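Engineer: Attaching a predicted model along with its sequence, questions to come.
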Amino acid sequence: MVQITADDWGLFQSLNQDPAVISLCFDEPSPEAIKESFESRLPAWNKSSDHWLCLTMTLAETGEKIGVTGFRMAEGKAEVGYLILPKYHGQGFGTESLKALLKWASEEQGIQSFGAIVTEGNVSSEKVLTKSGFSLKEVVPDAYEIGGKLYADHIYSYESIALKQTV
């Protein structure tokens, strides 16, 4: 995984427009909003950055980029997220990339606390989180609207082992 570059625009745009990717994440953003979101992720990232660290997922065998993963820092906690091209759904790439991201963030950046918010019904994303060590902490009813329908937010949390050992 490497930080997103200007060359990754096509991948980012596809991920943010494909109904199979976004249907349980968010309404399709405008082209301008997608471009703004993409450009906000391009500057070099460090732990005090306000923008998302956005990394591309790449197949080792072919070099094909298949999705993005990353996080943004808020109040000392890293909020994780990931989007994967539909033809790669269900093959374990989300879990593999999230575990690698957590390991890197914890060991190299000293980040110990992670969170994720998943829209009700996004069972695949919830499986990725639980396989990666996250626990469901809270369900907030009618918290998020997609396509004119209200969904509950499922709020997950993960504390790295280093933090657990010091508590």
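Structural biologist: It's in.

Engineer: Packing partners of whatever helix or strand G70 lives in?
Structural biologist: Applying DSSP states H and E as the criterion places G70 in strand 65-74. Counting contacts by 3 or more C-beta pairs under 8 Å, 6 or more residues apart in numbering; DSSP states H and E, strand 65-74 is packed against helix 9-17, strand 53-58, strand 77-84, helix 93-109. (Each C-beta comes from the backbone N, C-alpha and C, glycine too.)

Engineer: Dump those into TSV; add mean pLDDT, mean neighbour count and distance to I146 as well.
Structural biologist: Shown next, in TSV, are the helices and strands packed on strand 65-74 (pLDDT from 0 to 100; neighbours: other C-beta atoms under 10 Å; distance: least, C-beta to C-beta, whole Å):
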stretch	mean pLDDT	mean neighbour count	distance to I146
helix 9-17	97	17	14
strand 53-58	97	22	22
strand 77-84	96	21	15
helix 93-109	96	18	20
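
Engineer: could those go into TSV alongside distance to E28?
Structural biologist: Shown next, in TSV, are the helices and strands packed on strand 65-74 (distance: least, C-beta to C-beta, whole Å):
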stretch	distance to E28
helix 9-17	6
strand 53-58	19
strand 77-84	13
helix 93-109	21
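
Engineer: quick one: the nearest residue to H154 once chain neighbours are set aside from Y144, how far?
Structural biologist: Counting by C-beta to C-beta, 6 or more residues apart in numbering, V118 is the residue found nearest to H154 once chain neighbours are left out, at 4.6 Å. According to C-beta to C-beta, to the nearest Å, V118 stands 10 Å off from Y144.

Engineer: Could you do S106 as well?
Structural biologist: To Y144, S106 is 28 Å away according to C-beta to C-beta.

Engineer: pLDDT below threshold where in the chain?
Structural biologist: Where the chain drops to pLDDT under 70, the residues are 161-167.

Engineer: secondary structure element for the nearest residue to I155 once chain neighbours are set aside?
Structural biologist: Closest residue to I155 apart from its sequence neighbours, by C-beta to C-beta, 6+ apart: E138 at 4.3 Å. Per DSSP H and E: E138 is located in strand 135-146.

Engineer: Can you point out the buried residues in that strand?
Structural biologist: A143, Y144, I146 (16 or more other C-beta atoms under 10 Å).

Engineer: Note down every partner strand of it and its orientation.
Structural biologist: Counting by DSSP bridges, the strands paired with strand 135-146 are strand 149-159 (antiparallel).

Engineer: So which bits of the partner strand are buried?
Structural biologist: By neighbour count on 16+ other C-beta under 10 Å, the buried set for strand 149-159 is Y151, A152, D153, H154, I155, Y156, S157, Y158, E159.
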